[in-house]
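Peer 1: task: produce atomic coordinates for the following.
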Amino acid sequence: MNEKGKKGIIIGVAAFEALFLIFALVISIIVFTTITNGEGMTEEAWKAANIDKNGPFIGFLQNNNMAFFAIFIIPTLVFIVVDFIYFAIIASKKESSLSDAELKAIKKQAEEEVRAEMLEQMKAELKQEKEENKEEKPE
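Peer 2: Sure, this is the predicted structure:
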């Protein structure tokens, strides 16, 4: 498969995923905000009130928690897991744009800088110790 074909598939899957997630979010908000208060009702009356008030689809989702979970929550979690796996694969395949010689030069320069810093720090500590010793001796 050529590069354009792969990009087209990735864009198509991403568009489908985005549309599904937006649809699931909107339906979830509708389901949770329009649920009927069931005080003083039997379970059957409460279910019938949900369907009468909110229509067959939203009422069905309000009355059947497992259906809501299976239709919206599980696919959303699957999308998240697949996205993380895809991003991990992409990140592991990303090659460095630097050559081996450039990487070695950068490493050598970093080591030299660390040595110079450590030497300066050690000199400062020795100087501080000498000053402390001078302050203690004049007794």
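
Peer 1: and F84, what pLDDT?
Peer 2: We have a pLDDT of 93 for F84.

Peer 1: oops, could you answer that again for L21 instead?
Peer 2: So L21 comes in at 95 (pLDDT).

Peer 1: what does the domain assignment say about the chain?
Peer 2: The chain breaks down by automatic domain parsing into domains covering 1-94, 98-139.

Peer 1: how far away from the center of its chain is the shortest one?
Peer 2: Averaging C-alpha coordinates over domain 98-139 and over its chain gives two centres that are 40 Å apart (C-alpha atoms, centre = their mean, to the nearest Å).

Peer 1: sorry, back to before: out of the domains of the chain, which one sits most buried?
Peer 2: Of all the domains of the chain, domain 1-94 has the most neighbours on average by mean count of other C-beta atoms under 10 Å, namely a mean of 12. Yep, even glycine has a C-beta here, placed from its N, CA and C like the rest.

Peer 1: ends of it, what's the gap?
Peer 2: 20 Å (C-alpha to C-alpha, to the nearest Å).

Peer 1: show me how far that domain is from its chain's centre.
Peer 2: 18 Å.

Peer 1: could you tell me the least trusted of the domains of the chain?
Peer 2: Mean pLDDT is lowest for domain 98-139 out of these, coming in at a mean of 86.

Peer 1: tell me the SS of I35?
Peer 2: coil (DSSP: H, G, I helix; E, B strand; the rest coil).

Peer 1: what helix or strand is the residue nearest the centre of the chain on?
Peer 2: With distances taken as C-alpha atoms, centre = their mean, F84 lies nearest the centre of the chain, 7.5 Å away. According to DSSP states H and E, F84 maps onto helix 74-93.

Peer 1: what's next to that helix, contact-wise?
Peer 2: Contacts to helix 74-93, defined as C-beta atoms under 8 Å, 6 or more residues apart in numbering, come from residues E17, F20, L21, A24.
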